[in-house]
Structures are given as structure tokens and as C-alpha cells.
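*Asks:* Show me how the following folds:
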Amino acid sequence: MLYTKWGEDLNKKAPLPEYPRPQFKRDSYLNLNGEWELAFTDSEEIPESYKYKITVPFSPESPLSGVNRVLKANEYLVYKKEFTLPEGFNKGRVFINFGAVDQIAKVLLNGKFVGEHHGGYTAFTLELTDYLNEGNNTLGVIVRDLCEENEYSRGKQKTKRGGIWYSPQSGIWQSVWLESTPEKYIKGVKITPDYDNEQVSFEFDGAENVQITVYDGDDIIADTTDTTIKIPSFKSWSPESPFLYGLTFKYGKDTVKSYFGMRKFSTGTDENGVPRLFLNNKPYFHNGLLDQGYYPDGFLTPPSNEAMEFDIKTAKECGFNMLRKHIKIEPMLWYHYCDVNGILVWQDMINGGGKYGLEVSAIPFIGVNLDDTDYKKFHRTNEKARELYYKELREMVDALYNCPCIALWVPFNEGWGQFDSAKAYNLLKEWDKTRTVDSASGWHDRGVTDVISKHIYFTPIIVKQGDKPWLLTEFGGFSIRAKGHTFNDKMFGYKIYKSKEGVTKAYSKLFNKTIIPQIPKGLSATVYTQVTDVEDELNGLMTYDRKVLKIDKEVLQEINSRVKL
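*Replies:* Below is the predicted model of the structure:
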């Protein structure tokens, strides 16, 4: 069994204790992570007894859960947790927040149905007020997860794992917590920086005449109920200077804290007429890594919040300025760490659909671009699963909209469950006018997109300038085994090397001979595969347990100092 240092030091009674949502923070907070009871059942009926003790929020399949058992397709997970609200906690309303539950969750309190949520990667909130007891309360969560069988979003999970597909997991896999609000409260807020007009606007859900206080450090620079606030001579947010303004919202007795960054993402042409990605109205090169966000001991769940920040800081220290969050939505703290440390984020939507075939494995490599309105070809015939895709897509955008770091949306990757990408593009542009969209990363580009997006592992990397920024959205994947730091004895990689010296030489040659010389020719972004090893994949810059950096930091820093415009 492979563990990270954070997994080795896990406090099972209080894992991931930090407040999970710094973009919308209240003082009211009761973390429910820790020991729960768990049963595997053949129906939704509440069992008389529970066989397992599980450490939430780790999936039962993961080592840190203490269960180490895979949920079968015909089984249900039934969780039980008892709690008592601290004196004075209830201010009028009480809510339960789930960071993510894979895939279908039904929530009960004291035997009564509270609500349900479909979709394994997005957060949801339910009100418990009317179901609470004075003293002890019994929370129940019933989970169904069919992995790839129901065409729901599943990411890189596969019942029979291997290669680029990873171990299946189920159930609660992000933090669970309670909060309380007054009867009248702020349900949410949408924060939109307007870089060109030196202002920021606020759109509140469920509240009017909210008192907004804006802070520059400890100094108050605005205190008003106006929903558009001018900030003359503002400080920009960028990877080089990730300045964040503090916020406090007051509505009656409800107080919420947040923050924002003044920045602008767009596309345009540089002084030579070359299409580029722009940051704050200037051409800006996105130099990034593919980031799966998996751990050997927690799988999708980080063993600690410090572990998440470690990955981000390591990437930054090595000279990268961007991470492509690949086929996963992280806990909100991950995006906060990117906001604070100055890392741009390309956010993938989670793939779903039926069993993938030639549309992803062979046809793209012979230059065939398929029409993704043909649901049968792309194994997207389940109408309810397609409808759920749009619901989850909207939930993802709404959840991450206020994060300054989010630079680009990726609705589909390599044809995995792709459908109607033009429609997805138009919806994203309707919901969020402030970010760039890569409609079909890798291949099956239907022309409705902001960028040219290429995945190149086996053929020569040749930039062919067009009318949009040309992005190398996956490449590299050089592999080397670090003895004692691997998940198993298997090895998957696009190019395999026997020594640290060999992989370092190949990496340096790739950047010095191919990548850097093509930046003036139109190359506008790179996404090297990848941050860490993941299960069979040994192509990470770090090992799966994060204990070994396979290419010296100084080498990466020197190369990355030249990967720019």
C-alpha cells in the first residue's frame, strides 16, 4: 500500500477540518468529517446494523477510509452519522453541505427524507431546519453509484481499471459540514470584475440592499449597498502578482466573507498579428501541467488540505503558471490555493456516456473529425444522462465563477462522451462571458470554440497558425519508475526512460528544440502530462506519493524561465 506523508499522519477523528468554502464563508461551521457508520446493502432500506466504520470523506474503496471494499453495481451504500448541535448554533435555519457524493445521493434526517442530488462531482446544500430534534439527530445518506453503466459523469473511473483509467470509487468523497443562518440570509453571490471599466459588480441570490465592504488588506476602500463599485487605480491579479481584495457582505443578521481578483481573460492578436491568449489585455503564455488530482491513499480525496496546497506550490516553484484540472472538480479550497498562490486554472468538465470506442481510440489518429451531434457514434444515447450533463456543467460554472484563477473551460476532452459541443460552448458563453472556452480538447473540434486545441504525444509537434490561439493542450508524458514509490508493478507512459538523467535529457530536448522555438510562430499555451504519477501511469513530474521530484527543480525553473512570450 502506497501512502503520502499526509495520509500517514491522518487524524481519523477530524480529517480535512478547515472551512471548505473560503469563497463564501460564514462563522457558523460544524464539520461532520470523521467516523461514520456504513453498510453495503441490496436496497435503499435502512439496515438494522452497520458492518463498517468509515472515515468520511474518503470513499470506501480508498485505503484512508478504513473500509477498502468496492461497491458493486447492484449494491447501495447506506451511511449513518449522529450529531447534536452545539448550544446557540441554530440561528434560525440549519443547512447541510456536501462537497461531493458519487453518484446519486438521498439524504435523510431522523428517518425523514430531506432531499437528493444526482451527479458525483458537484456540491449541494440541503436545509435541515424542519427535520431537527432538540438533542440527538441521526443523519442518513443513501448512495447509488453505477460507474460507467448509467452514462452519468464518471471521470477517469472504470470498473476494470488500468492504463489511463483509474480505480472506481463511490459515496461521500468531499467534506460534509453544517452551517446556520438567520431566517433571512444570502443564498449566493456572483462577483464579476470589469477590468476595462475599473469596477466590480455583485449579483445576489435571495437578498437585496446588501452592505458590501471591500478591503485592500486591512484598509476599507468601499462600504456601500451599490452592486457596482468603482476601484480606480486597482491592483491587478496575475500569476506574477496574485493580489486579492477582501469582501464582507452583511444582510440583516447574516454575514458572509469572500474575496475577488481584478483580472481579465480574453483572446486577441499580438503586435505581429499572431493569435494569442490574453491576460489583463496583454498577450500571455499559459505554461501548465495536466493535473488529475488523485492520491494513492485517498484516490479523488486529498489526504489533507495541505496536500492540495503542496501540489500547487510545487508547480509554482518549478516555474509553471497554470494547471489544467483534468476530468475532476476539486474541493473549493484547491481553487482558493490557486487564487492565493497565482496559478491559472483550465477546468475540465467531467466526462460520461457509454463505453468509448473507435471515436476516441483510433479515428482521431487518422485525421477524422466526427460530427458530435451523432449520439450513437459517441455513445451518448441516454437522454437523461445528457440532460444531467448540462445540469452538472451549470453547477460547476456557478460554483467556480467567483474564483479569480479560472481562466478557461473545457467541456469535452478527446471525444470521451462528447456531444453537441457547439451547444455546450454557447451555454458556457451565456453563463460566463469572462472566460475562454476550449470546446473539444484534443480532437473532434466542430469549429465553435475560442482556440485551436491539440493533443500530440506520438507525432511531430508542428504549430500551424490559424485564426485562433494555437494551444498544445496535452503532450509529453515521459515516464520513469521511481523504485519504492509506485502504486503497483505496471507501467504506462508515452515514452519510457530508465533513469532520471535520461528523462531529464529528453524533457530538456523537447522544450529547447521543439516547444520554445515555436512560441514566436504561434504556440500560445502548453499542458505537459503531468503533475504526478497516477496508478499505472508513471509519467508524472512527481511520484504518486509526492515524495520524489523526478526532474530537478532547478532544471525545470531554468527551462520555464524561457517558456513565455
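*Asks:* Find the centremost residue of the protein, please.
*Replies:* residue 329 (2.7 Å; Cα atoms, centre = their mean).
*Asks:* In this structure it contacts residue 396, no?
*Replies:* Yes. With contacts counted by Cβ atoms under 8 Å, residue 329 reaches residue 396, the gap being 5.8 Å. Heads up, the C-betas are built off the backbone N, CA and C, glycines and all.
*Asks:* any residues in contact with both of these two?
*Replies:* 121, 122, 347 (Cβ atoms under 8 Å, 6 or more residues apart in numbering).
*Asks:* Inside strands: which ones of those residues?
*Replies:* The strands, defined by DSSP state E, take in residue 347 from the shared contacts of residue 329 and residue 396.
*Asks:* Adding neighbour count and distance to residue 108, write the shared contacts of residue 329 and residue 396 out as TSV.
*Replies:* Converted to TSV, those look like this (neighbours: other Cβ atoms under 10 Å; distance: Cβ to Cβ, whole Å):
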residue	neighbour count	distance to residue 108
121	25	22
122	23	21
347	24	32
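*Asks:* Pick the one among the shared contacts of residue 329 and residue 396 closest to residue 392.
*Replies:* residue 122 (5.4 Å; Cβ to Cβ).
*Asks:* count of residues packed around the spatially closest residue to that closest one that is not a sequence neighbour?
*Replies:* Take residue 122 and drop its neighbours on the chain: the residue closest to it by Cβ to Cβ, 6 or more residues apart in numbering is residue 395, 4.0 Å away. Look at residue 395: counted by other Cβ atoms under 10 Å, it has 17 neighbours.
*Asks:* Might you report the residue contacts of residue 395?
*Replies:* 119, 122, 123, 124.
*Asks:* Could I get the buried residue list for the helix or strand it falls within?
*Replies:* Under the criterion of DSSP states H and E, residue 395 resides in helix 383-400. Residues of helix 383-400 classed as buried by neighbour count (16 or more other Cβ atoms under 10 Å): 385, 386, 388, 389, 392, 393, 395, 396, 397, 398, 399, 400.
*Asks:* One more: stretch 112-126?
*Replies:* 114, 117, 118, 119, 120, 121, 122, 123, 124, 126.
*Asks:* nearest residue to the residue nearest to the centre of the chain other than its sequence neighbours?
*Replies:* residue 121 (4.6 Å).
*Asks:* And the one you found, how close does it get to residue 71?
*Replies:* 17 Å (Cβ to Cβ, to the nearest Å).
*Asks:* Report the beta-bridge partners for residue 441.
*Replies:* residue 413 (DSSP bridges).
*Asks:* start at 50 instead
*Replies:* From this message on, residue numbering opens at 50, which makes the last subject residue 490.
*Asks:* Hmm, it is touching residue 462, no?
*Replies:* Yes. Counting by Cβ under 8 Å, residue 490 touches residue 462, with 4.7 Å between them.
*Asks:* more crowded one of the two?
*Replies:* Per other Cβ under 10 Å, whichever of residue 490 and residue 462 has more neighbours is residue 490, with 29 against 25.
*Asks:* any idea how far residue 350 is from that one?
*Replies:* 25 Å.
*Asks:* and what of residue 219?
*Replies:* Taken as Cβ to Cβ, the span from residue 219 to residue 350 is 12 Å.
*Asks:* between the two, which one's more packed in?
*Replies:* Neighbours per residue (other Cβ under 10 Å) separate residue 219 from residue 350, with residue 350 holding more: 29 against 24.
*Asks:* now, which of the contacts of residue 444 sits nearest residue 321?
*Replies:* Once Cβ to Cβ is applied, the member of those that ends up nearest residue 321 is residue 171, at 41.7 Å.
*Asks:* Now for that closest one: which residues touch it?
*Replies:* Contacts of residue 171 (Cβ under 8 Å, 6+ apart): 149, 378, 441, 444, 445, 448.
*Asks:* One more: residue 429?
*Replies:* Residue 429 neighbours (Cβ under 8 Å, 6+ apart): 200, 402, 403, 435, 466, 467, 468.
*Asks:* Generate a PyMOL selection restricted to the buried entries among these.
*Replies:* With 16+ other Cβ under 10 Å as the criterion, this PyMOL line picks the buried residues out of the contacts of residue 429:
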select buried, resi 200+402+403+435+466+467+468
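*Asks:* ok, the nearest residue to residue 184 once chain neighbours are set aside - contacts?
*Replies:* Leaving aside its chain neighbours, residue 184 sits nearest to residue 133 (5.9 Å; criterion: Cβ to Cβ, 6+ apart). Applying Cβ under 8 Å, 6+ apart to residue 133 gives the contacts 184, 185, 186.
*Asks:* Who wins on neighbours among the residues you listed?
*Replies:* residue 186 (18 neighbours).
*Asks:* any idea how far residue 550 is from the residue nearest to residue 592 when sequence neighbours are not counted?
*Replies:* Distances taken as Cβ to Cβ, 6+ apart place residue 534 nearest to residue 592, at 3.8 Å, with adjacent residues excluded. Residue 534 sits 18 Å away from residue 550, going by Cβ to Cβ.
*Asks:* Between the two, which has more neighbouring residues?
*Replies:* With neighbours defined as other Cβ under 10 Å, residue 534 and residue 550 compare such that residue 534 has more, 18 against 10.
*Asks:* Which pLDDT value goes with residue 335?
*Replies:* We have a pLDDT of 98 for residue 335.
*Asks:* So in terms of bridging, what pairs with it?
*Replies:* Bridge pairing for residue 335 - DSSP bridges - gives residue 574.
*Asks:* dump the residue contacts of residue 56.
*Replies:* Residue 56 neighbours (Cβ under 8 Å, 6+ apart): 112, 113, 344, 345, 346, 347, 352.
*Asks:* For residue 570, the count of nearby residues, please.
*Replies:* 12.
*Asks:* Could you tell me how far it is located from residue 324?
*Replies:* Where residue 324 is concerned, residue 570 sits at a distance of 12 Å (Cβ to Cβ).
*Asks:* same check, this time on residue 122
*Replies:* In terms of Cβ to Cβ, residue 122 sits 47 Å off from residue 324.
*Asks:* if I read this right, residue 146 contacts residue 166, doesn't it?
*Replies:* No. Contact criterion Cβ under 8 Å: residue 146 and residue 166 do not qualify, at 11.3 Å.
*Asks:* Save the contacts of residue 429 as JSON lines, and put in secondary structure too.
*Replies:* Listed next are the contacts of residue 429 as JSON lines, based on DSSP: H, G, I helix; E, B strand; the rest coil:
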{"residue": "200", "secondary structure": "coil"}
{"residue": "402", "secondary structure": "coil"}
{"residue": "403", "secondary structure": "coil"}
{"residue": "435", "secondary structure": "helix"}
{"residue": "466", "secondary structure": "coil"}
{"residue": "467", "secondary structure": "coil"}
{"residue": "468", "secondary structure": "coil"}
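*Asks:* quick one: contacts for residue 387?
*Replies:* So residue 387 contacts 361, 372, 393, 394, 452, 454 (Cβ under 8 Å, 6+ apart).
*Asks:* Where does it fall, secondary structure wise?
*Replies:* Counting by DSSP H and E, residue 387 is part of helix 381-390.
*Asks:* Equivalent analysis for residue 558, please.
*Replies:* Secondary structure (DSSP H and E) places residue 558 in helix 549-558.
*Asks:* Tell me the buried residues in that helix?
*Replies:* For helix 549-558, burial by neighbour count (16+ other Cβ under 10 Å) applies to 552, 553, 555, 556.
*Asks:* picking that back up, quickly name whichever of the contacts of residue 429 is closest to residue 284.
*Replies:* The closest of those to residue 284 turns out to be residue 467 (Cβ to Cβ; 39.9 Å).
*Asks:* For burial, what's the neighbour tally of the spatially closest residue to the closest one that is not a sequence neighbour?
*Replies:* Nearest residue to residue 467, sequence neighbours excluded (Cβ to Cβ, 6+ apart): residue 461, at 4.2 Å. By other Cβ under 10 Å, 28 other residues sit near residue 461.
*Asks:* Find me the pLDDT at residue 461, would you?
*Replies:* Looking at residue 461, the pLDDT reads 97.
*Asks:* Over to residue 409?
*Replies:* Residue 409 carries a pLDDT value of 80.
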